[in-house]
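1. My questions concern the predicted model and sequence given below.
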Amino acid sequence: MKFRTRAIHVGNEPDPATGAVVTPIHLATTFIQPGAGVWGQFDYARSGSPTRSAVERTVADLEGASGALAFSSGMAATHCATMLHKSGDHIVAGCDIYGGTFRLLHKICNRSGIEVTLAPADDAMQIQAAMKPNTKMVWIESIGNPRMTVPDIPAIAEMAHRGGALLGVDSTFAPPSILRPLELGADIVMHSATKYLGGHSDCLAGILATRDLELHKELYFIQNATGAVLGALESFLLQRGIKTLELRMREQCKSALKIAQWLEGHPQVTCVLYPGLASHSNHERAKQFMGDQFGAMLSFEIDGDLAKTKVVCQSTKLFGLAVSLGAVESLIAQPASMSHASYDAAAKAKYGITDSLIRISVGLEDVDDLIADLDQAIVAAGLNSK
Amino acid sequence: MENATIVEKHPDAQPTGTETRPGLVSQRAGLSTTSVHAGEARRKPSDAITDSICCSSTFTFESTQSIIDYIEQKQDREEYGRYGNPNEKVVERKLAALDSAEEAIIYSSGMAAIVGLLMAKLSAGDEIVIFDQCYHRSREFCSKHLSRFGIVTHQIATGDFQAMDNAINSRTKLLISESPTNPHLSVIDLEQFVALGRSRKVETLIDATLATPYNIRPIEYGVDYVWHSATKYMGGHNDLLAGVICGSREKLTEVRKLRGILGGINSPHNMYLLERGLKTFALRMARHNENGQRIAEFLERHPRVEKVYYPGLKSHPSHEIAKRTMKGFGGLITFLVRDADWKQTAAIIDACSIPKIAPSLGGVESLIEQPFVMSYFDYSPEDRKRFGIADNMIRMACGIEDTEDLIADLKQALSV
């Protein structure tokens, strides 16, 4: 069956107890057992619960994984992956990883003696160069933030495996309807399911899915031991969101491409970063991995300073000024003053976080309405319209 | 689709930032933009991007004076949960925007909605005229229950405007039809329907559940009331029950008051799910329409299929009117199996692996059923014949799965 059909039906079999066409929300924290020392399918909700298990089956199927685990947030999922490692181990991560992952690696993992090296993920040779004999994991994002770089996942997977390391891919920006890292050689795919998978800005959730069943069991052991599991209500909302994932993503990617093309032709826009544009340095690779859907996140720079850029971000009427992404509502943000405000000038320069950089998450509104909104916001900043 | 009041400021929203971000008032927006944003405050309490679920059964007043202000309608606010709740009001505004209506009233189910409207509009001695192809519970309520209150229901052959005209007299208060109808998918000429109502000074009501405002907006034709079972395409995920009546504020004022007395209101939890479901309404409908059209065409070509009822097919008697007035024709298809009795027909349904066997329609999951078994099993053969329910009839509600998967599944089921 095709992706959209599986997204609706796998993990959503009619409830055997009632025939309900939608998975019931099981709030029970504990389950009655068949006998002392005899365990039923579920025992205690941290170890597994029917609603969570249903959405885990859906995601595993969509990612082509042998198993998936649902966590209370994306960070809880990433943290679980890092807990595979111990003191003395080394992790290589991409330079433009999510700030929360950066913080986890440098402020939490370091406490357990795990060493971290960053290297540009879109240059596989530099990832290779950063690897050491004790490198146990390479962690990259399938679309980098905020410059939308696309790494060569198969090449990096091969390097990681040759060096005895696992490849983990945070594919939050590229959900499984457009990219499946496990099929490209990654060992673990991670999602902040808060974003496209949930898709409605109303549940926090994280996912780890693996190809290898033994690795899945190991991660499950850690999840159960440390307890950051997804609740039943969120599991229900996540599964509900996934039913329209393919439709939402297809539409949002289409709108993002149209907006990127419009921005590229705008006289006040100096640069547009979107893997779907021929001008993007990773365009060919993006086409190879994602076909004709390049995600719905894009960044652009305007011909203005920090203050004018701020005015653009504050003048939109449909785009909400907020961090996060991936939902039906479009969002706009200025990385220099928001997500990357803590970077010093040198770090900003190094990672391309310019004052005039704007990042947008394209939602499900009519694309013509979104373009008109951006147009009037650019005018509001005192920059001439197209 | 170009008629959305996008944003009203939330009365309780306190600006917490330094700059204000004005909402788009009365902006003409695309249907998908309307689905995502209409009816919602641009700025919500706590600056949350989504509406909170407000479960309160009652609402507190600051002082005696504020109660008096509320009674004197100086203040628009909540009072007691049976009269309305904040979650329901957001959805009512969104549904009104989608349907080009001034006002929408939400009920706990589609049937609660029509009962709420009829109980508000009709009194003993009044009469209604209804086209006979309709949901069997609508017919049952009118003929079995309204009659107990001295209200007379005339059932007229669907689309026979002359007969409808003949049935109208000085006591007639309402003309009712579905469009498209269930399960024969007849499409009503709304211009003719409205013209008849106006010329005879009788109000009109359309059950547009199968069409949805994505495909047609009867209010724009001058229909007085539009009724939807929002359980179907509006909610879209087979996980909530809701009904809605849309119309002008003037005409619905008494209807809303009666709902406050009868109490068929919906819950804040359900309303949140409905609001969430509506965000993808335009996307889902495009897919339902596509699946409906392509699967109807597939069925019509299939040797085991005797007849297909789908307004998007040239063979359907309503095709011309449907093509002229509707954007698409929805996900519901009815068809007859060639030379099959009811058991042979049931075997096809039982052989399907993707559509689940269940009543209802309009959700992302495809559903399939045999009207003879599901809704008319207790009826006499004569009554079934009268309502056009054949033993070999199958009703399929196409979801949003991949078309190819659904066709492949039907193909194997039809070869059983």
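-> Everything's here; your move.

2. and residue 221, how many neighbours does it have?
-> By default, I'm working from chain A. The number of residues packed near residue A:221 is 11, by other C-beta atoms under 10 Å in any protein chain shown. Any C-beta I mention is one placed from the backbone N, CA and C, and that applies to glycine too.

3. that's the wrong chain, I wanted chain B
-> 18.

4. gap between the residue of chain A found nearest chain B and residue B:337?
-> Per C-beta to the nearest C-beta, the residue of chain A with the smallest distance to chain B is residue A:366, at 2.7 Å. Per C-beta to C-beta, to the nearest Å, residue A:366 is found 42 Å from residue B:337.

5. Compare those two (neighbour count), which wins?
-> With neighbours defined as other C-beta under 10 Å, residue A:366 and residue B:337 compare such that residue B:337 has more, 26 against 21.

6. Look up phi and psi at residue 61.
-> I'll assume chain A. phi -60, psi -40 (degrees, to the nearest 10).

7. go on, residue B:76?
-> According to degrees, to the nearest 10, residue B:76 has phi -90, psi 110.

8. Just give me the neighbour total for it.
-> 8.

9. now residue B:66
-> 14.

10. ok, now residue A:41?
-> 8.

11. List the buried residues for stretch B:53-65?
-> B:53-54, B:59 (16 or more other C-beta atoms under 10 Å in any protein chain shown).

12. now, among those, which is nearest to chain A?
-> Closest to chain A, out of all of those and judged by C-beta to the nearest C-beta, is residue B:53, at 9.7 Å.

13. On the pLDDT front, check that closest one for me.
-> Note on residue B:53: pLDDT of 94.

14. thinking it is in contact with residue B:268, fair?
-> Yes. Applying C-beta atoms under 8 Å, one finds residue B:53 in contact with residue B:268, separated by 5.1 Å.

15. Overlap of the contact sets of those two?
-> residue B:87 (C-beta atoms under 8 Å, 6 or more residues apart in numbering or on different chains).

16. could you list every residue that touches residue A:191?
-> Applying C-beta under 8 Å, 6+ apart, the residues contacting residue A:191 are A:59, A:74, A:77, A:170-172, A:175, A:197, A:206-207.

17. In a markdown table: the residues you listed, plus pLDDT and neighbour count.
-> Putting the contacts of residue A:191 into a markdown table (pLDDT from 0 to 100; neighbours: other C-beta atoms under 10 Å in any protein chain shown) gives the following:
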| residue | pLDDT | neighbour count |
| --- | --- | --- |
| A:59 | 98 | 29 |
| A:74 | 97 | 24 |
| A:77 | 98 | 27 |
| A:170 | 98 | 28 |
| A:171 | 98 | 27 |
| A:172 | 97 | 27 |
| A:175 | 98 | 29 |
| A:197 | 98 | 29 |
| A:206 | 98 | 26 |
| A:207 | 98 | 29 |
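
18. Return the subset of those lying in strands.
-> Under the assignment DSSP state E, the contacts of residue A:191 contribute A:170, A:206-207 to strands.

19. Columns distance to chain B on top of those residues, output as CSV?
-> Listed next are the ones in strands among the contacts of residue A:191 as CSV, based on distance: C-beta to the nearest C-beta, whole Å:
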residue, distance to chain B
A:170, 23
A:206, 19
A:207, 20
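
20. what would the residues you listed look like in TSV with distance to residue B:39?
-> TSV is the format used below for the ones in strands among the contacts of residue A:191 (distance: C-beta to C-beta, whole Å):
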residue	distance to residue B:39
A:170	35
A:206	31
A:207	32
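
21. residues contacting residue A:67?
-> So residue A:67 contacts A:56, A:60, A:209-210, A:213, A:216-217, A:220 (C-beta under 8 Å, 6+ apart).

22. my guess is residue B:357 meets residue B:373, correct?
-> No. Here residue B:357 does not reach residue B:373: they are 9.5 Å apart, not a contact under C-beta under 8 Å.

23. Give me the nearest residue to the closest residue to chain A within chain B, chain neighbours excluded.
-> Of all residues in chain B, residue B:30 sits closest to chain A, with a separation of 2.7 Å (C-beta to the nearest C-beta). Leaving aside its chain neighbours, residue B:30 sits nearest to residue A:366 (2.7 Å; criterion: C-beta to C-beta, 6 or more residues apart in numbering or on different chains).

24. In a strand, residue A:147, correct?
-> No. With DSSP: H, G, I helix; E, B strand; the rest coil as the criterion, residue A:147 is coil rather than part of a strand.

25. That one reaches residue A:298, doesn't it?
-> No. Here residue A:147 lies out of contact with residue A:298, judged by C-beta under 8 Å, at a distance of 10.2 Å.

26. can you list residues touching both of the two?
-> Common neighbours of residue A:147 and residue A:298, counting by C-beta under 8 Å, 6+ apart, are residue A:273.

27. Now do the helix or strand where residue B:245 lies: everything it contacts.
-> Element membership for residue B:245 (DSSP states H and E) is strand B:243-247. Strand B:243-247 is contacted from outside by B:92, B:95-96, B:99, B:101-114, B:116-117, B:219, B:224-231, B:234, B:252, B:255, using C-beta under 8 Å, 6+ apart.

28. In helices only, show me those residues.
-> Under the assignment DSSP state H, those contribute B:92, B:95-96, B:110-114, B:116-117, B:252, B:255 to helices.

29. List just the nearest of these to residue A:28.
-> residue B:112 (31.0 Å; C-beta to C-beta).

30. so what's the closest one closest to, chain neighbours aside?
-> In this structure, residue B:112 finds its nearest non-sequential neighbour in residue B:264, 3.7 Å apart by C-beta to C-beta, 6+ apart.

31. separation between the one you found and residue B:107?
-> Computed as C-beta to C-beta, the residue B:264 to residue B:107 distance reads 5 Å.

32. For the contacts of residue A:67, which single residue is the most surrounded?
-> When neighbours are counted by other C-beta under 10 Å, residue A:209 leads the contacts of residue A:67 with 30 neighbours.

33. So that residue, which state does it fall into?
-> Under three-state DSSP, residue A:209 comes out as strand.

34. what about chain A, any weak spots by pLDDT?
-> A:384-386 (pLDDT under 70).

35. let's see it at 50
-> Scanning chain A for pLDDT under 50 picks out A:386.

36. So which residues on it come close to chain B?
-> Residues of chain A lying close to chain B (C-beta under 8 Å from any C-beta of the partner chain) are A:1-5, A:8-9, A:12, A:14, A:19, A:21-22, A:200-202, A:237, A:240, A:243-244, A:247-248, A:251, A:314, A:317-318, A:320-322, A:327-329, A:363-366, A:368-369.

37. Return the residues of chain B in contact with chain A.
-> Within chain B, the residues that sit near chain A (C-beta under 8 Å from any C-beta) are B:19, B:21-24, B:29-33, B:35-37, B:42, B:49-50, B:237-239, B:276, B:279-280, B:282-284, B:287, B:354, B:356, B:358, B:363-365, B:367, B:399-402, B:404-406.

38. buried subset of the residues you listed?
-> Buried members of the residues of chain B next to chain A, counted by 16+ other C-beta under 10 Å: B:23-24, B:29-33, B:35-37, B:42, B:49-50, B:237-239, B:276, B:279-280, B:282-284, B:287, B:354, B:356, B:358, B:363-365, B:367, B:399-402, B:405-406.

39. now the helices for the stretch 101-250 of chain B?
-> Per DSSP state H, counting those that start in this stretch, the stretch 101-250 of chain B carries helices over the ranges B:110-121, B:136-140, B:161-167, B:190-199, B:212-215, B:249-262.

40. tell me the most buried of these?
-> Each of the helices of the stretch 101-250 of chain B was scored by mean neighbour count; the highest is helix B:212-215, a mean of 26, by mean count of other C-beta atoms under 10 Å in any protein chain shown.

41. What average pLDDT does that helix get?
-> 98.

42. what distance separates that helix from the middle of the whole chain?
-> 9 Å (C-alpha atoms, centre = their mean, to the nearest Å).
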